[in-house]
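**Q** here's my sequence, what's the structure:
(chains A and B)
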Protein chains: 2
Amino acid sequence: MNMNHLLQQAPKNLPILQARFGLERESLRMNTKHRIAQTAHPEKLGSREFHPYIQTDYSESQLELITPVSISTKEARRVLGAITDVAYRSMNPDEYLWPLSMPPQAREDEIRIAQLENDYEYRYRQGLGQRYGKLLQSMSGIHYNLELGADLITQLFEASNYDSQIAFTNDLYLKLAQQFLRYRWFLTYLYGASVVAEKGFLQEELAHPVRSLRNSSYGYVNSSDIHVSFADLETYVQDIEHYVKTGQLSAEKEFYSAVRLRGHKHNRDYLTKGIRYLEFRCFDLNPFDFLAISQETLDTVHLFALALLWIDRPENVDDTLLTAARLNNQIALSHPLTPLPEEADTQTILDAMQAVVSHFQLDETYQELLETVKQQVAHPQLTLSGQLVDRLEGHSLEDLGRKQGINFHEYAWSAPYALKGYENMELSTQMLMFDALQKGINLEILDEEDQFLKLWHKDHVEYVKNGNMTSKDNYVVPLAMANKTVTKKILATAGFPVPAGAEFSSKTEALRYYGQIEKSAIVVKPKSTNFGLGISIFQDGASLEDYEKALDIAFAEDTQVLVEEFIAGTEYRFFVLDGKCEAVLLRVAANVVGDGIHTIAELVDIKNQDPLRGRDHRSPLEIIQLGDIEKLMLNQQGYQPDTVLEAGQKAELRGNSNISTGGDSIDVTDQMDESYKQLAADMAKAIGAWTCGVDLIIPDSSLPSTKDDPNCTCIELNFNPSMYMHTYCYQGPGQELTPKIIAKLFPEIIS
Amino acid sequence: MNMNHLLQQAPKNLPILQARFGLERESLRMNTKHRIAQTAHPEKLGSREFHPYIQTDYSESQLELITPVSISTKEARRVLGAITDVAYRSMNPDEYLWPLSMPPQAREDEIRIAQLENDYEYRYRQGLGQRYGKLLQSMSGIHYNLELGADLITQLFEASNYDSQIAFTNDLYLKLAQQFLRYRWFLTYLYGASVVAEKGFLQEELAHPVRSLRNSSYGYVNSSDIHVSFADLETYVQDIEHYVKTGQLSAEKEFYSAVRLRGHKHNRDYLTKGIRYLEFRCFDLNPFDFLAISQETLDTVHLFALALLWIDRPENVDDTLLTAARLNNQIALSHPLTPLPEEADTQTILDAMQAVVSHFQLDETYQELLETVKQQVAHPQLTLSGQLVDRLEGHSLEDLGRKQGINFHEYAWSAPYALKGYENMELSTQMLMFDALQKGINLEILDEEDQFLKLWHKDHVEYVKNGNMTSKDNYVVPLAMANKTVTKKILATAGFPVPAGAEFSSKTEALRYYGQIEKSAIVVKPKSTNFGLGISIFQDGASLEDYEKALDIAFAEDTQVLVEEFIAGTEYRFFVLDGKCEAVLLRVAANVVGDGIHTIAELVDIKNQDPLRGRDHRSPLEIIQLGDIEKLMLNQQGYQPDTVLEAGQKAELRGNSNISTGGDSIDVTDQMDESYKQLAADMAKAIGAWTCGVDLIIPDSSLPSTKDDPNCTCIELNFNPSMYMHTYCYQGPGQELTPKIIAKLFPEIIS
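**A** Numbers count the residues shown, from 1 in each chain, chains lettered A, B, ... in the order given. Next up is the predicted model:
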């Protein structure tokens, strides 16, 4: 059996869709004047020496966004979305990405070669600029990497008559590459999107808009005396080596083809080690999509690639490809609304796509994608270039580029606390992932629901759960912090202020304690409290009778009862990291403040407009409700939802200060006296915590804390303290914490 | 207000019972010949240089068991019980502790001075031997340390007319010391228990048994020219300093008194820093109690001490005490069955004890203790010495000593996997506590229910939860092991054998996978399984129809479904610690093996006789049940509970191999091929775990594991692997693991 008919004879449950995907998207950074940005590559993006996700392509302003290998097109798009999000929010806030493949109007001197540290790379780009022109090099596209599934290849190999799996794999990919070049014109027709060159790009203006300048002879092609055979792998390798030897190509990678073999640095290695995947390089940016390539395009191309394997390979490869190249150029340079020429054999492709869908019983989605393609074949105006001619102003798409560029810019900045595509994850984890992607730390989500990440740089691996559960803490310390009794004992032994109190296993014992707390404010509570059940608070001390009653209530819930000093004052959260207090937060119960005009219900609505407010902990602040609890609270203050408060008058909506019930977060890091920050840091150190949330009750924060009079009490230590709430606050500047976690995990790359 | 009437005027809810306690118990080690053991101090007990719990007193064979400070008498007795348990099980298994204060018959040359490294201590003991005789120094007793509660002292101080709390505290303790010496005869009467000297102890035999030789002039007293005043603290300090200066005492501590001031090394420090507690030194060993002092005695003495504070102090202290000493000697040397002499004013003491009980409304227990004391006052035969005269054989108590000594020895060894008094805690934690006490590592239980320990030696503190959750593991590693998906990804990435499989979020996707698993043994399961719900196992592969059904069942339980390779073979647990596999265990489902005589029900009963079998995880093996599940299992094999199995015939009682359902544990550490142990250790290393339980399924353990063919699959890593089950096994030698944990936590003292 040879490469033809391999699929036709495969069982229907062959894992035909099993594949891995990778995307590389280029785009120019633009400034407010809609010119190519003259700024340097964003400093926030760390070092280009190793950044796996965000690089510069040819010019300093041309970003290249690179996804890791993904096991589905959805996943590839999702991670590209996140990388795009990071790229946007790492640039100057007024810069945006040019959404078109064709550059905007620009002078050659506006295009600065990427300032890479690697000298070879810089000189390589200098050579390209001289040979092809810097403007031409500024065209942008998307590369689509496709690796067929390991099980798929193995099953096909096992059904074949090949002896060597490497030889089989090479032949399979070579067939795919041949077929891709043979039918490339089909993609040019469907997805071509470089319809005009802006003024100054070409010597001579085009007579009419075209499908894809970038995929035509005007595009990014090798000089016409470069002829590389795709007939067999050995010849392919030899041909390229020959041109590099003669200097006609400055490097193997200067051989531009719509498809490139991938997996090894040197072509010759394919012969012994095997091709690992193919890179399809022909995609123009789709300016209607934030990611410049749609989900439908990704899946259609995947189906198209499988169809290419279904179709028999040509007899005479190189001749066929030469003809095909001419046909592609013709279609690329046709007016977008013209039909395909007759020699463009769409039927073979459509039939093959249908055959794959039917033979392997692919689900409806694929049938629908195929129907769409059929429509586009029949109606040129439905193709991408067909849609773009509608948007031409004069002979230019600059207006569309600016408009879409700014739309996408606004979208990227719309929820700056979140990471696009990962909004189902915890906010602090989203932020940490953002920071990792930004600094070029390799990221893999090991368990999404569990917020479990793997981060690595070279050989250095760090696992992170829930944003700050890391290798930096030792195991027993968080376990100690999770146990209030243990925490209290450790802090008390180290001499820190904790609520005085005692633990009792009998009422008699507890009653005997009364003499010691008779005049004190106390809390009586079961040792393990569930949702506050069984807790009694006596802010002015308890009568013996009340104390006894409180004990009965508490003992009804647990066999152990705590009688603790009640601490009055304001509660602050101190966030301590690696021995230093990095943020202090005050949480205030849900409330509205009157303006003399609006009702309380209206004020709640207005306050809820804040883009930081959302639902289910997926935004830094929560929507304020006006339910039974809030209405009862209003009632106690003599208000109703339709009460109009005087200007400055405050209505409390909740008795508890949790952010999750609509509370306000106020960043008071800068105002808090240094002595308290030091105390919180010392407490974390005493228990041995790297990350720690210290909850202090401070009666009067205008007085400093001293050794003799700490002037505060620690009521809890938190082993997995929330970070996002310190960063995006209702009031106050906010403190970035996740970048500090990343920097401490990877000090070798972030100083 | 002076020291008198202080209690009388205190409010009834004064925390009168608040106090801290400490006990020191001495005992001679005995050999099988019922002679004083000539062996060295047990090596297992580590170093006497710092051991806080187990020391040697005067002679090498005289153990001194020392409790830490305890907040109740119950707690003090509990920890003394544990220390006693450790002492017993650290000696030669055939040695026992002499339960009487008076030594057994012994020659002076059988008494070897304690071989302490500290040269001063050794020479001090040599001097004592010369001055008092080595046999006299071998008498044993219990010292009872009492510290009045901090709140109690503060409240009394605040109600007093003293300016300085130190002066007040010193006066309070001095009054207590004076009164103690004044009424010491009362305790000699009640608790004296050194009724005879064995042959050779005295030059001249006593005419009759007495109450307490040890508390008489025959006992351990300074020479008659030592007169230390207790009238005031300054004089007390000066007197002792004088005798040390003149050489009449070799050190301050050579001043023997039934009460000693405590809290500082040098007496003079009491004047400025204050007395911290008192040491009552007069208690003879109670041979009827495993701990040599009963709970009732501890509480009665506490009440007695409070009564001493209630009674006015004498006008002329030193005269009163001189008279009191004579009275005490008289009572000590009286026949145990004689009544108290008239000058012994019991009424004052009993009235004061009653006054304390009534005034402070102490609970019934104390009233009952007082009633017992009254009975003992009225009936000498109820006192401890009164009971002992009954047990005399000739003029000797050696028989009683041997009998009780052996009883206690058997009791100590009765459940060698447990730590007496702490049986409510997890077994592995009990074992670890045993090891810590044994090696002299300071131990505090921070949370008993949570199995949370604090261990320390000098400045080095380690916290341990559940036996092996320590500072040695980093936080994120156990979190990774707690997540099966994450564990599997990490192991797979590192190249270790894990079950192949895939995770699906839709049935369509999962159905498409069928082609890849059609012929394989598989498990279909919800990602998060609760008690095995929704799991389907196909050991011979599944038909598409069954596979689909299994998917429906699994998706009904979770939105994520795993389809995994089913691994056949035997499951072994490898316990890895710090890079080394220390134990391998095979667990076998509950079963009995026939003998041709007994029914299955009888065989179960016989198997359950094993002292290792108990209930609720508080013993190494669990009682085998004969409930519905077991009966069903028998039924499937064609058996009934009254079936008599042939010799060697095995009946399975359970389908699962859990120890908790009566399974057998088999230690196969020595038999397991080294290659598997290395593999398990490597897996732990790959995930970064210090402690780790590696569950491997091995189809054929007679074949070694190799790089190319690991010949096994890892199905789980456990972050808090059970240790006790490897130590006390149904079969096999068992491996001690907790001592290794302790040794690695404190390498500075255990090599």
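**Q** mind telling me what element residue A:524 is part of?
**A** Element membership for residue A:524, per DSSP states H and E: strand A:522-526.
**Q** so how far is stretch A:39-46 from its chain's centroid?
**A** Relative to the chain's own centre, stretch A:39-46 is displaced by 18 Å; criterion: CA atoms, centre = their mean, to the nearest Å.
**Q** residues in contact with that stretch?
**A** Stretch A:39-46 is contacted by residues A:29, A:31, A:48, A:51, A:54, A:56, A:60-61, A:63, A:87, A:90-92, A:95, A:114-115, A:438-440, A:749-750 when judged by CB atoms under 8 Å, 6 or more residues apart in numbering or on different chains. C-beta: built from backbone N, CA, C; applies to glycine.
**Q** report the buried members of the residues you listed.
**A** A:29, A:31, A:48, A:51, A:54, A:56, A:60-61, A:63, A:87, A:90-91, A:95, A:114, A:438-440, A:749-750 (16 or more other CB atoms under 10 Å in any protein chain shown).
**Q** who in the stretch 451-600 of chain A is up against chain B?
**A** A:452, A:454, A:462-465, A:469-480, A:483, A:485-486, A:489-490, A:508, A:512-516, A:518 (CB under 8 Å from any CB of the partner chain).
**Q** give the buried subset of those as a ChimeraX selection command.
**A** Remark: buried members of these, expressed as a ChimeraX selection using 16+ other CB under 10 Å:
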select /A:452,454,462,463,464,465,469,470,471,472,473,474,475,476,477,478,479,480,483,485,486,489,490,512,513,514,515,516
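**Q** out of the residues of the stretch 451-600 of chain A next to chain B, list just those in helices.
**A** A:476-480, A:485-486, A:489-490, A:508, A:512, A:514-516 (DSSP state H).
**Q** quick one: which of the residues you listed is nearest chain B?
**A** Using CB to the nearest CB, residue A:515 is the member of these that lies nearest chain B, at 3.2 Å.
**Q** do you know how far the residue nearest to residue A:68 when sequence neighbours are not counted is from residue A:291?
**A** Computed as CB to CB, 6 or more residues apart in numbering or on different chains, the closest residue to residue A:68 that is not its neighbour in sequence is residue A:79, at 6.4 Å. Residue A:79 sits 10 Å away from residue A:291, going by CB to CB, to the nearest Å.
**Q** again, but for residue A:378
**A** Residue A:378 sits 27 Å away from residue A:291, going by CB to CB.
**Q** these two - which one has more neighbours?
**A** Taking other CB atoms under 10 Å in any protein chain shown, residue A:378 and residue A:291 do not tie; residue A:291 has more neighbours (24 against 11).
**Q** what are the phi and psi values for the more buried one?
**A** The phi/psi pair for residue A:291 (degrees, to the nearest 10) reads phi -100, psi 0.
**Q** would you confirm that it contacts residue A:82?
**A** No - the pair residue A:291 / residue A:82 is not scored as a contact, 10.3 Å apart, by CB atoms under 8 Å.
**Q** chain center to stretch A:580-587: distance?
**A** 27 Å.
**Q** my error: substitute stretch A:208-223 in the last question.
**A** Put simply, stretch A:208-223 sits 33 Å off its chain's centre (CA atoms, centre = their mean).
**Q** output that stretch as CSV, restricted to C-alpha atoms.
**A** Extracted C-alpha coordinates of stretch A:208-223, given in CSV (Å, rounded to 0.1, in the frame of the first residue of the first chain):
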residue,chain,number,x,y,z
HIS,A,208,-7.9,46.7,-8.9
PRO,A,209,-8.1,45.1,-5.5
VAL,A,210,-6.9,41.6,-5.4
ARG,A,211,-7.4,38.5,-3.2
SER,A,212,-4.0,38.3,-1.7
LEU,A,213,-1.0,40.4,-2.5
ARG,A,214,1.0,38.6,0.1
ASN,A,215,0.3,35.2,-1.5
SER,A,216,1.1,36.6,-5.0
SER,A,217,4.4,37.3,-6.8
TYR,A,218,4.3,40.7,-5.1
GLY,A,219,4.6,39.0,-1.8
TYR,A,220,7.3,37.6,0.2
VAL,A,221,8.9,35.2,-2.3
ASN,A,222,12.4,34.0,-3.1
SER,A,223,14.1,35.3,-6.3
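**Q** what residues of it count as buried?
**A** Buried residues in stretch A:208-223 (16+ other CB under 10 Å): A:209-216, A:218-222.
**Q** widest-spaced pair of those residues?
**A** A:209 and A:222 (25.6 Å; CB to CB).
**Q** tell me which stretches of the stretch 51-200 of chain A form helices.
**A** Under the criterion DSSP state H, counting those that start in this stretch, the stretch 51-200 of chain A contains helices at A:73-88, A:119-132, A:150-159, A:165-191.
**Q** my error: substitute the stretch 201-350 of chain A in the last question.
**A** A:233-246, A:268-273, A:295-310, A:317-332, A:346-359.
**Q** ok, the ones in helices among the residues of the stretch 451-600 of chain A next to chain B vs residue B:350, which is closest?
**A** Closest to residue B:350, out of all of these and judged by CB to CB, is residue A:512, at 23.4 Å.
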